[in-house]
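[1] I'll drop the sequence and a predicted model, then ask my questions.
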Amino acid sequence: MASEKGKGGGIVETVKTIFWALIIAGAFRTLFFQPFWIPSESMKDTLLVGDFLFVNKMAYGYSKYSCPFAICPISGRIFGSEPERGDVVVFRHPVTGDDFIKRLIGLPGDTIQMKNGVLWLNGQEAVQTPAGIFEEVYEPQGPMRNVPRCQNDPARDGGICQKSRSVETLPGGVSHDVLNIADNQFADNTEVFTVPEGHYFFMGDNRDNSQDSRYSRAMNGVGMVPAEYLIGRADRVIFSSAGSRLWYIWTWRMDRFFKAIN
């Protein structure tokens, strides 16, 4: 009889432990970090399709889109620091509600223009220094099975897909890679954008394959993103897989595990 009670008590304790572990994990996810998979190529080569990361929700504080509790404001943000140019940020699309990840280029009051594929910020050129060629296999990528766009089109299945790569340096000194697929694309030459107060301007690093703030929402872009739609900052890739299934271990990109995001 005593042994049966002991077994029953052990099962109950195990269930309790699992229950509280799940509660703590859920609270940790809700309050501090949010997992995010990279589904598209808009941030190559900084982020690749199949990269997995945790978004730091504390970086900019809480808003109604990063915190579900009653303590969060209806508008604005609480507890956080200001976003900085060059941050890689996850935010909620103001129309569709989908989560997007792009690089923060423009702060409130900034003027932004693209001229011949080069970024001009507040009248100052963000210098691009050639940095070779980004290469990848031309094949379906990730669960969505999208094939990459290539500068050397038409690429063959299983062949090498190429894009020109440059290091772009923003005014202030922040540098990151950008890719170019073709010249004289629609968003390579734009009007002058002025970022309104309380909003931000985002762009993808894969400049010719990113529906970002250069495109209005009517054109399936994101337009200017209000501050309360920011969810958090992406700081580090935790895991990466080039395959369509997580358990395809032969597609894991070990060199990207715990890689810092610049």
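    Ah, there it is.

[2] Tell me the pLDDT of the nearest residue to residue 46 once chain neighbours are set aside.
    Distances taken as C-beta to C-beta, 6 or more residues apart in numbering put residue 205 closest to residue 46, at 4.9 Å, once the chain neighbours are dropped. (Glycine included, C-beta is placed from N, CA and C.) You'll see residue 205 listed with a pLDDT of 98.

[3] Then the one 3 residues further on?
    Per-residue confidence for residue 208 comes out at a pLDDT of 95.

[4] before we move on, back to that, surely the residue nearest to residue 46 is in contact with residue 180?
    No. Contact criterion C-beta atoms under 8 Å: residue 205 and residue 180 do not qualify, at 10.6 Å.

[5] so who does residue 91 touch?
    For residue 91, the contacting residues are 65, 99-102, 200, 202, 222, 225, 229-231, by C-beta atoms under 8 Å, 6 or more residues apart in numbering.

[6] bridging residues for it?
    On the basis of DSSP bridges, residue 91 is bridged to residue 100, residue 230.

[7] Could you measure from it over to residue 57?
    Here the criterion is C-beta to C-beta, to the nearest Å. By it, residue 91 lies 12 Å from residue 57.

[8] mind showing which ranges of the stretch 1-150 of the chain have poor pLDDT?
    1-32, 62-80 (pLDDT under 70).

[9] need the helices for it, in chain order.
    2-31 (DSSP state H, counting those that start in this stretch).

[10] quick one, strands of it?
    With strands called from DSSP state E, counting those that start in this stretch, the stretch 1-150 of the chain shows them at 33-37, 51-56, 61-62, 78-79, 88-92, 99-106, 111-115, 118-121, 124-125, 127-137.

[11] Contacts for the last one, please.
    By C-beta under 8 Å, 6+ apart, the surrounding residues in contact with strand 127-137 are 44-45, 118, 148, 158-169, 177-179.

[12] try it again with 10 Å
    By C-beta atoms under 10 Å, 6 or more residues apart in numbering, the residues outside strand 127-137 that reach it are 41, 44-45, 48-49, 117-119, 147-148, 150-152, 155, 157-171, 175, 177-180, 206, 242.

[13] Name the nearest residue to residue 145, ignoring sequence neighbours.
    The shortest distance from residue 145 to any non-neighbouring residue, by C-beta to C-beta, 6+ apart, is to residue 244 (6.5 Å).

[14] Was I right to think the one you found contacts residue 141?
    Yes. The criterion here is C-beta atoms under 10 Å, and residue 244 meets it with residue 141 at 8.3 Å.

[15] Looking only at neighbour counts, state which of those two leads.
    A count of neighbours by other C-beta atoms under 10 Å puts residue 141 above the other of residue 244 and residue 141, at 22 against 14.

[16] Please list all residues in contact with the residue nearest the centre of the chain.
    Nearest residue to the geometric centre of the chain (C-alpha atoms, centre = their mean): residue 101, 2.6 Å. By C-beta under 10 Å, 6+ apart, the contact set of residue 101 is 36-40, 42-43, 46-47, 51, 53, 55, 88-91, 202, 204, 231, 234, 261.

[17] Tell me the spacing between it and residue 250.
    Relative to residue 250, residue 101 is positioned 26 Å away (C-beta to C-beta).

[18] Please report the distance of the closest residue to residue 39 other than its chain neighbours from residue 37.
    Counting by C-beta to C-beta, 6+ apart, the nearest residue to residue 39 once its immediate chain neighbours are dropped is residue 144, at 5.8 Å. According to C-beta to C-beta, residue 144 stands 10 Å off from residue 37.

[19] just residue 241 next, same as before
    9 Å.

[20] shared neighbours, the two?
    49-52, 142.

[21] anything in contact with each of residue 244 and residue 141?
    residue 50.

[22] so what's residue 206 up against?
    Listed by C-beta under 10 Å, 6+ apart, the contact set of residue 206 reads 40-47, 134, 148-149, 163, 177-181.
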